[in-house]
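A.B. asks: what's the 3D shape of this:
(chains A, B and C)
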Amino acid sequence: MPELPEVETLRRELERVLVGQIIKTGKVFWPGTVAPLSSSAFVKKLSGQKITAIRRRAKILLLSLSPSQLTLAIHLKLTGQLVYHPLQPPQRGRDNSPLLRGGARGGVVIGGHPEDPTKHTRAIFHFTDGSQLYFNDLRKFGWLKLLSSNSKEGLLARLGREPLSKEFGWETFKTILQRYPNRRLKQTLLDQTLIAGLGNIYVDESCFATRVMPDRRVKKLTDSEIKKLHRAIQRILKLAIREGGTSARNYVRSDGRPGGFVPYLKVYGRTGKPCKNCRAPITKVKLLGRGTHFCPQCQK
DNA sequence: CACTTGACCTGTCCGC
DNA sequence: TGCGGACAGGTCAAGT
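C.D. replies: Now for the predicted structure:
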């Protein structure tokens, strides 16, 4: 679920609160999340490191660390979350009763943090100012990797164009599409080695906005449709970023609140509901092994 | 090359 | 109520 707009939303939010922070320590609850390093090696390498920058490439977050010069790469895959808990200032008055400290289930932890790890918390980072970053991941597909400069290059080498970059003009987009003329449009749009950052939601939405069926052979697209699709992809991604992403299922922003793009969805997750353009019921089929939503009347 | 299946996982939902 | 199965959908590997 986290696609480019969701990861970019997190990048912007975390950049504000994490750059300059020093990692005091960490805890790993599911070793697979940090493989191939052991949990202890992972924590040891991170401890004492300062976060100097947070970038994004495709759906990957890249945290630059100093002085090690390593990069912490984070992929949320389907259900990953990064939730930041700022330090809660100690409170006074009756709420400060020791009885509430680390108290019973549902109790507030005064001067601590709003939540204990959930059963889906796979790792926690503790910063020297007392704040924490939780990595939650229901399905355990997400990962955290500590990379040298070389291994980082290796990881990023195969990724295609950033769809919101200056280099992604419509002519470039056309060239990319023509690379595999016999493919279905959806397959090329999802191919991270060609275009980096689109996922199932924004592909279906972009196809609807262009009034094109996702299973169209790429070579059958007209120039006018390619231009329209190019504009639609950029417009939808930008709007979704502005809205903080799409919380269709698990995704939340770094403060735990959902993104605001769901009301803008025209086809994704609207199976059987009337098309917002023509009232025909939105149809869902399986294409390339993925749930694929479209309007049978509007899209050709 | 196009396309499918399975693997990695756990939760929700639906029909019986 | 529980139980089995489909489904969610990012990515890669392996097979047809």
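A.B. asks: which residues in chain A form strands?
C.D. replies: A:23-28, A:50-57, A:60-66, A:71-75, A:80-85, A:121-127, A:132-137, A:143-147, A:283-287, A:290-294 (DSSP state E).
A.B. asks: Export the longest one to CSV, keeping only CA atoms.
C.D. replies: In other words, strand A:50-57. C-alpha atoms of strand A:50-57 as CSV (Å, rounded to 0.1, in the frame of the first residue of the first chain):
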residue,chain,number,x,y,z
LYS,A,50,23.2,10.9,13.9
ILE,A,51,20.6,11.2,11.2
THR,A,52,21.8,13.9,8.8
ALA,A,53,19.4,13.6,5.9
ILE,A,54,16.3,11.7,4.8
ARG,A,55,15.7,11.0,1.2
ARG,A,56,13.4,8.9,-0.9
ARG,A,57,14.0,6.8,-4.0
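A.B. asks: Name the residues of it that are buried.
C.D. replies: A:50-51, A:54, A:56-57 (16 or more other C-beta atoms under 10 Å). Heads up, the C-betas are built off the backbone N, CA and C, glycines and all.
A.B. asks: just to revisit the earlier point, of the strands of chain A, which is nearest A:Glu167?
C.D. replies: strand A:50-57 (13.5 Å; C-beta to C-beta).
A.B. asks: and the closest one, how far out from the chain's middle?
C.D. replies: Chain-centre distance of strand A:50-57: 15 Å, with C-alpha atoms, centre = their mean, to the nearest Å.
A.B. asks: pLDDT of it, averaged?
C.D. replies: Strand A:50-57 shows a mean pLDDT of 97.
A.B. asks: That strand - contacts with which helices or strands?
C.D. replies: Packing contacts for strand A:50-57, counted by 3 or more C-beta pairs under 8 Å, 6 or more residues apart in numbering; DSSP states H and E, involve helix A:4-18, strand A:60-66.
A.B. asks: wait, which of these is closest to A:Asp255?
C.D. replies: It's helix A:4-18; of the helices and strands packed on strand A:50-57, that one is closest to A:Asp255 (C-beta to C-beta) at 7.3 Å.
A.B. asks: Return the closest one as CSV; C-alpha atoms alone will do.
C.D. replies: The C-alpha trace of helix A:4-18 is given here as CSV (Å, rounded to 0.1, in the frame of the first residue of the first chain):
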residue,chain,number,x,y,z
LEU,A,4,5.3,7.0,-3.7
PRO,A,5,2.9,9.5,-2.1
GLU,A,6,2.7,7.6,1.2
VAL,A,7,6.5,7.2,1.4
GLU,A,8,7.1,10.9,0.4
THR,A,9,4.6,12.0,3.1
LEU,A,10,6.6,10.1,5.7
ARG,A,11,9.8,11.4,4.4
ARG,A,12,8.7,15.0,4.7
GLU,A,13,7.3,14.5,8.2
LEU,A,14,10.3,12.5,9.5
GLU,A,15,12.7,15.0,8.0
ARG,A,16,11.3,17.6,10.3
VAL,A,17,11.6,15.6,13.5
LEU,A,18,14.5,13.2,12.9
